[in-house]
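> Using only what follows, build the 3D model:
(one chain, ligands or ions: 2)
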Amino acid sequence: MTTLGLIGYGAIARDIVSAFPPDAVDWLMLLREGASPELPANVSVVARIEQLIEAKPLAVVEAASQGAVATYIPALLEAGIPTVVASVGALADATLHARIAAAGRSGGARLILPAGALGGLDYLRAIAALPDARVRYTSRKPPTAWEAELASLGLSAERDAVTLFEGTPAEAASAYPKNLNAAFAVALAVGAEKVTVRVIADPKATGNSHEIEAESAAGTALFSMVNAPSPGNPKTSALTALSLVAALRDLLDMDLLDMGGRR
Ligand SMILES: NC(=O)C1=CN([C@@H]2O[C@H](COP(=O)(O)OP(=O)(O)OC[C@H]3O[C@@H](n4cnc5c(N)ncnc54)[C@H](OP(=O)(O)O)[C@@H]3O)[C@@H](O)[C@H]2O)C=CC1
Ligand SMILES: O=C([O-])CC(=O)C(=O)O
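Ligands and ions are numbered 1, 2, ... in the order given. Reported below is the predicted structural model:
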């Protein structure tokens, strides 16, 4: 049995737990105080980060919120526990980013930032070295993913698309912590100063779509993803949990776990 940790038990976390055979992994789940969801038999709850650290999981996955990254990830890395983070937009806070990097160095633990809802980040990492590289990232989701934001602006996107935001990846990730982590994943890959972000609530969107347009001395590229929303959360692409599972399997060298032919 392998012990793994998980922070949060929402749409992504549920998909991650069900991606592993129940007899291969013991999950230790850090939940908010008072939360008591129904849990599978191989999942137990811990109330404090210290308990998670004491249990020495092989790795911990954050699938909760940017706030959870700030609260828990430095301590996990300092304790030498490799950590996979979904809420990568938390790193838009430069002070937190530096603190997390220092914690990783001091504990000798890796911080894994998966591609999440996106693809094409290898291309962006390659052109990061080119000073003229420019990238435009567009997030386009149906109005159901933006209900609260549209209501607070007194807007409706039932008939026509509404551009909710244009700006930098750090602004986007901070303004929309539940929707724009992907914008900051683009920034981490190519360099924040090279990226502009657009956010569109679009009644014609058939899924959570992400467009990455890149231009540099190396050429031009267009990556377009139309992701099915997670059944548990319309803001979240179902692809994200798959990406985190793949990152976890790479990290652990999954010969450790018998994936029952599902590799
Ligand atoms: N990198 C990427 O490409 C993507 C990243 N994400 C990010 O991944 C994260 C998880 O997404 P998803 O599963 O869809 O979200 P959900 O809202 O479905 O689930 C998150 C769960 O974590 C809990 N939680 C939040 N903060 C804490 C905390 N500090 N301690 C313990 N539990 C906490 C929430 O509780 P409560 O409801 O009480 O707050 C909720 O139960 C989000 O931050 C999301 O924005 C999502 C999609 C793509
Ligand atoms: O899952 C998505 O489509 C993107 C998302 O929510 C995020 O980046 O936070």
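> and residue 136, what is it in contact with?
195, 196, 197, 198, 211, 212, 213 (CB atoms under 8 Å, 6 or more residues apart in numbering). In this view, the C-beta of every residue, glycine as well, is placed from N, C-alpha and C.
> Dump the C-alpha coordinates for the helix or strand harbouring the second one into CSV.
Assigned by DSSP states H and E, residue 196 falls within strand 195-201. As requested, C-alpha coordinates have been extracted for strand 195-201 and formatted as CSV (Å, rounded to 0.1, in the frame of the first residue of the first chain):
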residue,chain,number,x,y,z
VAL,A,195,1.6,36.9,-22.0
THR,A,196,-1.7,38.8,-22.3
VAL,A,197,-4.9,37.2,-21.1
ARG,A,198,-8.6,37.4,-22.3
VAL,A,199,-11.5,35.9,-20.4
ILE,A,200,-14.8,35.5,-22.3
ALA,A,201,-18.2,34.2,-21.1
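> List the strands paired with it, with their directions.
strand 134-141 (parallel), strand 162-167 (antiparallel) (DSSP bridges).
> Which one of the ones you listed lies nearest to ligand 1?
strand 134-141 (10.2 Å; CB to the nearest ligand atom).
> Now do the closest one, average pLDDT.
Average pLDDT, strand 134-141: 97.
> for stretch 242-251, same thing?
Stretch 242-251 comes out at a mean pLDDT of 95.
> again, but for stretch 154-165
Per-residue scores along stretch 154-165 average to 91.
> go on, stretch 94-113?
On average, stretch 94-113 scores 97.
> Contacts for that stretch, please.
Residues from elsewhere that reach stretch 94-113 (CB under 8 Å, 6+ apart): 69-70, 73-85, 88, 90-91, 185, 188, 247, 251.
> Appreciated, that's everything.
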